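Chemist: Attaching a predicted model along with its sequence, questions to come.
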Amino acid sequence: MIESLDMHVLDLVQNSTSAGAAKITVLVACDQATDQLTLQVSDDGRGMDEDTMNAVRRGYFSSKSPKSVGLGIPLLREVAEHCDGSFDIKSGLGKGTTVTATFRRSHVDLPPFGDLVKTFLNILVTSGSRWVRITYRCDNREFLVDTNELHDILGEVSLQHPEVIQFLQGYIEERMERNWEGT
């Protein structure tokens, strides 16, 4: 059972990776005016045909590994709809997939985020040669981190280098704290 929203984000990114995506974008956005929270993960992976999308929506279907249960997307849809939000999945063979879930932020049953900093850090550090862009937006404030920009800055130094990981963790924490103060 996925108990925090950051684990849903991580599950969707793992789906993108399993689909052979070279480009993954992650959006976490809140809007106080509309009382809405949005999670979105898009990729340019192999995509799904209509039959596969229907199987994914029903659950107990996974192409990741024989040990995968295949409940991540149905659970996310259930949580979004239960929290007065919506769920949408768009995909096409050879065109990638976009999953969008919205939630009413003030809903009493909205799960916590868990450790979103570590989730973002994990996504970046394990991105390999994939281009990953993470946007974290709250009202009119935005924080963006992009692996292509990081690779340009770091040159040959790996995102998995301990000092880079330490820097990225502090950088993400600082930007996210600054963006969410007072929300």
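Modeler: That came in fine, so what should we check first?

Chemist: If you average the pLDDT over stretch 8-24, what comes out?
Modeler: Mean pLDDT, stretch 8-24: 94.

Chemist: Any chance you could list what contacts it?
Modeler: With C-beta atoms under 8 Å, 6 or more residues apart in numbering as the test, stretch 8-24 has contacts from 2, 26, 28, 39, 41-47, 63-64, 72-73, 75-76, 79, 96-97, 99, 101, 116, 119, 122-123, 127, 129-133. For glycine as for every other residue, the C-beta is placed from the backbone atoms N, C-alpha and C.

Chemist: Which ones among those map onto strands?
Modeler: Judged by DSSP state E, the subset of the contacts of stretch 8-24 located in strands is 26, 28, 39, 41-43, 96-97, 99, 101, 131-133.

Chemist: what's the most distant pair in these?
Modeler: Spatially, the most separated pair among the ones in strands among the contacts of stretch 8-24 is 101 and 131, at 22.7 Å (C-beta to C-beta).

Chemist: Mind checking which of these two has more residues around it?
Modeler: Using other C-beta atoms under 10 Å as the criterion, residue 101 and residue 131 rank with residue 101 on top: 25 against 16.

Chemist: tell me how far the ends of stretch 97-110 are from each other?
Modeler: 25 Å (C-alpha to C-alpha, to the nearest Å).

Chemist: Can you list the low-confidence ranges for the chain?
Modeler: 1-2, 58-70, 178-183 (pLDDT under 70).

Chemist: if you count residues, which helix in it comes out on top?
Modeler: For the chain, the longest helix by residue count, based on DSSP state H, is helix 162-180.

Chemist: which strands and helices sit next to that one?
Modeler: Packing partners of helix 162-180 (3 or more C-beta pairs under 8 Å, 6 or more residues apart in numbering; DSSP states H and E): helix 116-125, strand 131-138, strand 141-146.

Chemist: tell me which element residue 37 falls in.
Modeler: Following DSSP states H and E, one finds residue 37 within strand 36-43.
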